[in-house]
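> Predicted model and sequence below, questions to follow.
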Amino acid sequence: MQKAVAHVNGEIERSLVDRNALYQSDVDAQMRALDGTDNLSRLGANATLATSLAVCRASAASHSMPLYRYISLLAGNCEPTMPMPMVNILSGGAHASRSMDLQDFLVVPLGARSFEQALRIAIDVRRTAECLLAERGLTTLLADEGGLSPSFRHAGEALDLMVAAIREADLTPGRDAAIAIDVAASGLFAAGRYDLRNADLRLSTDQMITAVAAWQRAYPVVSVEDALHEDDWEGWRQLTSSVSNLQLVGDDLFATNSLRLDEGIRRRAANAVLIKLNQNGTLSGTLEVIRQARASGYTTIVSARSGETEDAFIADLAVGTGAGQIKIGSVRTTERMAKYNQLVRIGEDSTLKFATWAKSPSAQHQ
């Protein structure tokens, strides 16, 4: 952090003084040129991104505009839209010391017709899940992003708990609320196989694809993130072509990187992109990836990550770009709640539409 601050107060400041902050893309391009590497490894994305977002905020203030409205201008006059939240309920993987093989099980309030209603659904499911775990004598310890970490051995146990929590909240699985899974498969990959240690399984790419299809058939699963290794391009192509009516999200696969997304589009890998500002390093670069994804028919999900601060910029980013979905973490801990609270504040703008879920799971789950 001290190194990043030194870069901002040193080279970056000297390079940007007297430049017009209203030209966001020029400011961001200047920082990339100053860094001189392909991945901002010299100055670091912490320094360049902090500067990029500060410039955006200053420009919005100079126009006396809400931040999300100004971002919509930078994004090409996108229609600002309140996003559908995907909320962590159960967590494993690197977020919870590998207590479960898969990283996250999230609720998608697809029956909601407003952000406020969606957040209420997520809160109710989170509460009932915690009660069910306590009743069964299972741990309710929290993972990095506020999800519960019950140490289930098999994915099916977690999915069963998710369905039970939805029902216990007086909601209908597959109609009012559905499930998203973040496999984080790159963290499971070793020697050409996916090592699910808790389940005592070592799966091939074909077997992982079969597992994803089985989850979708047996449960109201509407979205799966990072189902395969980040460089298994052929596996991703096979997965994308073999399942339907399922959002397949690339996080590690695309890393909010235009070149990697180009490769995915060319290979027809995945159909959705997780958008993380810190992976790209500037606001302009992130907006370009969003434009690129949309032009190719990919869904966009603005996302936080582990190690967050209480900065709520991504709430305004999701609304201003009309991303459609946001993934913040669970409805616990201050760095997560800061973003949910900002979305509630933004939602007081009655002119904003809510991005309802466009994809419906099979009626068999109702």
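Nice, thanks for sending it over.
> And the helices in the stretch 101-250 of the chain?
With DSSP state H, counting those that start in this stretch as the criterion, the stretch 101-250 of the chain has helices at 115-135, 155-168, 205-218, 233-242.
> Among the ones you listed, which comes closest to L277?
helix 115-135 (20.8 Å; Cβ to Cβ). (Glycine included, C-beta is placed from N, CA and C.)
> just checking, what packs against the longest strand anywhere in the chain?
Looking across the chain with DSSP state E, the single longest strand is strand 84-91. Helices and strands touching strand 84-91, by 3 or more Cβ pairs under 8 Å, 6 or more residues apart in numbering; DSSP states H and E, are strand 104-108, helix 115-135, helix 155-168, strand 324-327.
> Which among these is found nearest to L73?
Per Cβ to Cβ, nearest to L73 of the helices and strands packed on strand 84-91: strand 324-327, 18.7 Å.
> and the longest strand of the chain, how far from the chain's centre?
Its chain's C-alpha centre and that of strand 84-91 lie 10 Å apart, by Cα atoms, centre = their mean, to the nearest Å.
> avg pLDDT for that strand?
The average pLDDT within strand 84-91 is 96.
> list the contacts for L248?
Neighbouring residues of L248 by Cβ atoms under 8 Å, 6 or more residues apart in numbering: 223-224, 227, 236, 239-240, 270-272.
> who's it bridged to?
Beta bridges link L248 to V224 when assigned by DSSP bridges.
> mind checking how far it is from L171?
25 Å (Cβ to Cβ, to the nearest Å).
> ok so, going back, how about a markdown table for the contacts of L248, with pLDDT, distance to S330 and neighbour count added?
A markdown table is the format used below for these (pLDDT from 0 to 100; distance: Cβ to Cβ, whole Å; neighbours: other Cβ atoms under 10 Å):
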| residue | pLDDT | distance to S330 | neighbour count |
| --- | --- | --- | --- |
| S223 | 98 | 16 | 26 |
| V224 | 98 | 19 | 27 |
| A227 | 97 | 22 | 30 |
| W236 | 98 | 28 | 26 |
| L239 | 98 | 27 | 23 |
| T240 | 97 | 29 | 20 |
| A270 | 98 | 25 | 28 |
| N271 | 97 | 25 | 19 |
| A272 | 98 | 21 | 23 |
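> farthest-separated two in the residues you listed?
S223 and W236 (15.2 Å).
> picking up where we left off before, so which bits of the longest strand of the chain are buried?
Taking 16 or more other Cβ atoms under 10 Å as the neighbour-count basis, strand 84-91 is seen to contain the buried residues 84-91.
> And for stretch 39-50?
Neighbour count says stretch 39-50 has 40, 43-50 buried, by 16+ other Cβ under 10 Å.
> Any stretches of the stretch 201-350 of the chain with poor pLDDT?
Scanning the stretch 201-350 of the chain for pLDDT under 70 picks out no residues.
> What segments of it are strands?
With DSSP state E, counting those that start in this stretch as the criterion, the stretch 201-350 of the chain has strands at 201-203, 221-225, 247-250, 272-275, 299-303, 324-327.
> so how far is the second one off the chain centroid?
Going back to what we said before, that points to strand 221-225. 12 Å.
> Okay, angle between it and helix 155-168 too, please.
130 degrees (axes from the mean of the first three to the mean of the last three Cα atoms, to 10 degrees).
> before we move on, the earlier item: pipe the strands of the stretch 201-350 of the chain into a markdown table and attach distance to S59 per row.
Output for the strands of the stretch 201-350 of the chain, formatted as a markdown table (distance: least, Cβ to Cβ, whole Å):
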| stretch | distance to S59 |
| --- | --- |
| strand 201-203 | 49 |
| strand 221-225 | 33 |
| strand 247-250 | 31 |
| strand 272-275 | 21 |
| strand 299-303 | 20 |
| strand 324-327 | 23 |
